[in-house]
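Asks: Fold the stuff below for me.
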Amino acid sequence: MKTLHALAFSLLATLPMPASSAESPSPLAPVPREQPQWWRQQYEQQVEQVKNNPCGVLFLGDSITDYWKREGKQVWEKAFKPYHPCNFGISGDQTTNLIYRITDSGIPAQTEPKLCIVMIGTNNTGHFKGGEAPEKTAMGILGAVQHLLVRFPDTHVLLLGIFPRGTGPQDRLRQHNDKINAVLAQCKLPRTTYANINKRFLDPSGKLLPGISRDNLHFTEKGYAIWADAVLPYIKKYCK
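Replies: Numbers count the residues shown, from 1 in each chain. All right, here's what the predicted structure looks like:
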C-alpha cells in the first residue's frame, strides 16, 4: 500500500497547479510561523496544557478552534468539561503549521485522547485567495490526520469538513472550501470518521444562520453551541 506521502505526490503530479499554488510549500511539510511572537508562546502553552492535564478529547485547528476559549468558552465548559477537553487550535494556522505543531511537539499528552477533532484548511483558502489547488490543501489536512493516527495508535479522529464562510453559497472562497471538502469526503484513513456538519450552520438559501457569526467566518456563542451539539454524539461514543 502506498504511504500517504506517495499517494499525495502521485495525485499532485496529475493536477494543473495554479502559479500561486506552485509557490506554496509542500502540503505535507511542517512549517513553523516565526512571526508573530505570540504564536510560539501560545503553541508552547498548549503543549504544556496537554502535558500537565488529562485529555479525553483534543481539538486541533486554527482560529475557529482557538476561539472556543473566547466566544465559545461557556459552551465549552458546559458541553465538554466532563470529557477533559484540550484545545490545540491557533489563530491563523494553515495545514503546514498544524503539521509542524503535531510533529515538533509530539503532543506529549498526560493521557492519550480518545478522540481528536480536526478542522483546518480555511486559512489556506484565504491566504492563497483560492489559488491553492483543493487537492493540495486536502492532502495537507489528511497529512495532519495521519500524524495523529501514528502518534496516538488507539485514538479515533473526527475529521470535520471546513466550515462555510462568506455571505452565501456564491461566495468564491466558500465554493473553494466545498471543493476541498469533496476530496476529504473520500478519506479512507483508518480510525477516521469524516463528517460535514455545514448544513447545521446554514438557512435554506445557504446563508449563515442569523447571529452565528460576527464576520461570516468566525462563530459567536450561538455558532459554537451548534458545533458542540453536532460533535457531542461522537464524543460520547469514543470518550466513554
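Asks: Count the neighbours of Thr70 for me.
Replies: No Thr there; residue 70 is Arg. Taking other CB atoms under 10 Å as the criterion, the count of residues near Arg70 is 14. To be clear about C-beta, it is placed using only N, CA and C from the backbone, and glycine gets the same treatment.
Asks: And for Ser205?
Replies: Neighbour count of Ser205, defined by other CB under 10 Å: 7.
Asks: Next: Pro113.
Replies: Neighbour tally, Pro113, other CB under 10 Å: 29.
Asks: Could you report the separation of the nearest residue to Thr167 once chain neighbours are set aside from Thr111?
Replies: Excluding the flanking residues, the one nearest Thr167 by CB to CB, 6 or more residues apart in numbering is Asn216, at 5.7 Å. Computed as CB to CB, to the nearest Å, the Asn216 to Thr111 distance reads 37 Å.
Asks: And those two? Which one has more around it.
Replies: Asn216 (16 against 12).
Asks: Count the neighbours of Cys187 for me.
Replies: 15.
Asks: element containing it, please.
Replies: Assigned by DSSP states H and E, Cys187 belongs to no helix or strand.
Asks: show me where the protein has strands.
Replies: For the chain, the strands defined by DSSP state E occupy 57-61, 85-89, 115-119, 156-160, 192-195.
Asks: got CSV for the ones you listed, with mean neighbour count and distance to Thr137 too?
Replies: Below are those laid out as CSV (neighbours: other CB atoms under 10 Å; distance: least, CB to CB, whole Å):
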stretch, mean neighbour count, distance to Thr137
strand 57-61, 25, 14
strand 85-89, 23, 17
strand 115-119, 25, 13
strand 156-160, 23, 13
strand 192-195, 17, 15
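Asks: Adding mean pLDDT, write those strands out as TSV.
Replies: Below are those laid out as TSV (pLDDT from 0 to 100):
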stretch	mean pLDDT
strand 57-61	98
strand 85-89	98
strand 115-119	98
strand 156-160	98
strand 192-195	98
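Asks: Please consider this matter closed, and thank you.
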